[in-house]
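Participant: Model the following, please.
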Amino acid sequence: MASLSTSSLSFKAPSIQSTRTSQVLRKPLSFKPISFGCFQSSKNLRLQISCAAKPETVQKVSDIVREQLALSADTALTAESKFSALGADSLDTVEIVMALEEKFNISVEEADAQNITTIQEAADLIEDLAQKKPAA
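Facilitator: A predicted model of the protein is given here:
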């Protein structure tokens, strides 16, 4: 498993052997054996880089989810909160996406909407779509 923060990259993989070679990434989602610095893995690794949305975007999404699902103020919401765990069904999720589209003035493709299951995923998608949006 790999994780990336603004200043570091770390790997956790079983059976890592130490050698010095260079890293070559050829396919964006499928990696062959790779090496970083002084260690190499002979197993296929999956690298996932996550760029978290701004805290204010996550908060706005949380507010919309709270409103759409009529959650009480004392219901704890985090970026990892799953819509289904909050009691949302598929219709609720569609309504959440529609409210997000209206609030952020974006358009979410159906395929992307079906992949949104948490507040963080929604916030990340919103920022990605806002960034790709042509300047008016």
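Participant: Please make it C-alpha for all contacts and neighbour counts, starting now.
Facilitator: Fine.
Participant: Which parts of this structure are strands?
Facilitator: 2-4, 9-11, 17-18, 35-36, 39-40 (DSSP state E).
Participant: and the ones you listed, which one's lowest on average pLDDT?
Facilitator: Lowest mean pLDDT within these: strand 17-18, at a mean of 39.
Participant: May I see the buried residues of stretch 114-130?
Facilitator: In terms of neighbour count (16 or more other Cα atoms under 10 Å), stretch 114-130 has its buried residues at 116-127, 129.
Participant: Now intersect those with the helices, please.
Facilitator: 119-127, 129 (DSSP state H).
Participant: returning to what we had before: for the buried residues of stretch 114-130, give me JSON lines that also has distance to Glu101 and pLDDT.
Facilitator: Rendered in JSON lines, the data for those read as follows (distance: Cα to Cα, whole Å; pLDDT from 0 to 100):
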{"residue": "Ile116", "distance to Glu101": "13", "pLDDT": "95"}
{"residue": "Thr117", "distance to Glu101": "16", "pLDDT": "95"}
{"residue": "Thr118", "distance to Glu101": "16", "pLDDT": "97"}
{"residue": "Ile119", "distance to Glu101": "14", "pLDDT": "97"}
{"residue": "Gln120", "distance to Glu101": "15", "pLDDT": "97"}
{"residue": "Glu121", "distance to Glu101": "14", "pLDDT": "96"}
{"residue": "Ala122", "distance to Glu101": "11", "pLDDT": "97"}
{"residue": "Ala123", "distance to Glu101": "11", "pLDDT": "97"}
{"residue": "Asp124", "distance to Glu101": "13", "pLDDT": "96"}
{"residue": "Leu125", "distance to Glu101": "11", "pLDDT": "96"}
{"residue": "Ile126", "distance to Glu101": "8", "pLDDT": "95"}
{"residue": "Glu127", "distance to Glu101": "12", "pLDDT": "94"}
{"residue": "Leu129", "distance to Glu101": "10", "pLDDT": "93"}
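Participant: Those into CSV, with extra columns for distance to Arg66?
Facilitator: Shown next, in CSV, are these (distance: Cα to Cα, whole Å):
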residue, distance to Arg66
Ile116, 16
Thr117, 15
Thr118, 13
Ile119, 11
Gln120, 14
Glu121, 16
Ala122, 14
Ala123, 14
Asp124, 18
Leu125, 18
Ile126, 17
Glu127, 20
Leu129, 22
